[in-house]
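Colleague: Sequence first, then the predicted structure, then my questions.
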Amino acid sequence: MKKNIKLITLIFGTVILLCICLRGQFTHEKFNSKKWKNADQNLEENWSIRWDMMNSLRNEKELIGKSYEEIIKILGKPDNESKTELYYSLGYTGNGINTGNLKIEINTEKKVTNIKVSEG
């Protein structure tokens with residue numbers, strides 16, 4: 001009986017510890033086009049705003065197939081671009097150590113063919 005109580009306490013304690021450690025790592029910031037476009041990433045409170053909205057952006061906005069103009073309307077002017085790629089800085093990741101980037105690949109018809117999120 002005492003072994004069961006110790007085991008349950010150990011498991012419960014481990015779960016609580018994991019929850020505390022992971023708190024803040026996964027955000028659920030809803031994508032907001034205006035916030036995304038106007039985020040001054042030089043201000044500390046905006047360092048991770050785009051990163052925090054990334055899951056919502058991927059889940060709620062189907063970017064594949066959108067035109068260049070539609071992407072600009074949603075995300076604003078990219079931080080860097082070439083004929084086939086648009087780059088947006090995502091700012092710092094949740095742990096504040098690495099930075100992230102959103103790369104949007106476009107074809108010759110200026111339609112989105114792929115998106116990639118990178119960290120580092």
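Modeller: Done, it's in.

Colleague: Helix or strand with the lowest mean pLDDT in the chain?
Modeller: For the chain, the helix or strand with the lowest mean confidence is helix 2-22, at a mean of 63 (criterion: mean pLDDT, DSSP states H and E).

Colleague: roughly how far apart are the residue of the chain positioned farthest from its centre and T9?
Modeller: Of all residues in the chain, M1 sits farthest from the chain's C-alpha centroid, using CA atoms, centre = their mean; the distance is 46.4 Å. Summarising the geometry, the distance separating M1 from T9, computed by CB to CB, to the nearest Å, is 13 Å. All C-beta spots, glycine's among them, are computed from the backbone N, C-alpha and C.

Colleague: and what of E85?
Modeller: E85 sits at a distance of 53 Å from T9 (criterion: CB to CB).

Colleague: So which of the two has more stuff around it?
Modeller: E85 (14 against 10; other CB atoms under 10 Å).

Colleague: ok, that one - contacts?
Modeller: E85 sits next to 103-106 when contact means CB atoms under 8 Å, 6 or more residues apart in numbering.
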